[in-house]
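Peer 1: generate a structure from the sequence data that follows.
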Amino acid sequence: MVKSKLEQQVIDALEAVAPDHGIDVVDVEVVGATKAPCLRVRIDRADGDPISLDEVTAQSAWVSDVIEKLDPIAGSYTLEVSSPGMARPLRRPSDFERFTGEAVELTTTATEGRRKFKGAIVSVDEHAVTLSLEDDETVTIPHDEIKKCTLKPVFDFSRGKDGK
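Peer 2: I've put the predicted structure just below:
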């Protein structure tokens with residue numbers, strides 16, 4: 001996954017400490033205005049269970065300490081620590097493997113042709129991910145060309161109020 005130098009620097013610093021806390025650093029992104037950006041850190045439990053709001057709150061202190069020690073942004077910024085949410089970002093081959101069969105929305109860095117894809121993860125290896133697209137086409141995209149990929153939540157409203 002393509003990350004800015006700043007985002008990768010923060011990921012590397014957090015991932016060096018995260019296993020000590022039983023945490024998986026899902027994603028880091030810098031968004032917003034240049035003068036006062038927002039540094040978003042998404043975390044989850046390393047054991048694969050969903051993280052609770054109370055756990056996110058408890059983990060925020062060491063995340064803040066690591067980032068403050070790193071001091072990646074000159075001036076003021078907002079630190080936002082959260083769970084990955086339903087539209088969980090995928091950035092590592094292991095993330096794609098974990099969610100094989102799931103629906104995703106993926107954006108590439110390619111400048112020619114198609115850049116956005118919606119489909120299900122069919123297979124993953126150390127170099128690329130293969131998607132089965134909504135039009136029954138398959139496409140293989142190298143990891144280093146993936147700009148952004150998120151799970152596409154699927155809601156089933158076919159059942160009635162009584163669960164049937």
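Peer 1: helices or strands up against the longest helix along the chain?
Peer 2: In the chain, assigned by DSSP state H, the helix with the most residues is helix 53-70. In this structure, helix 53-70 packs against helix 5-17, strand 38-45, strand 78-82, with contacts taken as 3 or more CB pairs under 8 Å, 6 or more residues apart in numbering; DSSP states H and E. C-betas here are computed from N, CA, C, even on glycine.
Peer 1: mind checking the pLDDT average for the second one?
Peer 2: Strand 38-45 carries an average pLDDT of 96.
Peer 1: quick one: that strand to chain centroid distance?
Peer 2: Counting by CA atoms, centre = their mean, to the nearest Å, strand 38-45 is centred 9 Å from the centre of its parent chain.
Peer 1: quick one: strands adjacent to that strand?
Peer 2: Partner strands and pairing direction for strand 38-45 (DSSP bridges) are strand 23-31 (antiparallel), strand 78-82 (parallel).
Peer 1: which of these sits most buried?
Peer 2: Taking mean count of other CB atoms under 10 Å as the contact definition, the stretch among the strands paired with strand 38-45 with the greatest mean neighbour count is strand 23-31, which reaches a mean of 20.
Peer 1: between helix 53-70 and that strand, find me the angle.
Peer 2: For strand 23-31 against helix 53-70, the angle between stretch directions is 60 degrees (axes from the mean of the first three to the mean of the last three CA atoms, to 10 degrees).
Peer 1: average model confidence for strand 23-31?
Peer 2: For strand 23-31, the mean pLDDT works out to 95.
Peer 1: now do that strand and helix 5-17, the angle between them.
Peer 2: The directions of strand 23-31 and helix 5-17 differ by 160 degrees, with the same axes, to 10 degrees as the criterion.
Peer 1: which residues are contacting strand 23-31?
Peer 2: Around strand 23-31, the neighbours that count as contacts under CB atoms under 8 Å, 6 or more residues apart in numbering are 3-4, 6-7, 10-11, 14-15, 18, 37-46, 59, 73, 84, 88-89, 91, 95.
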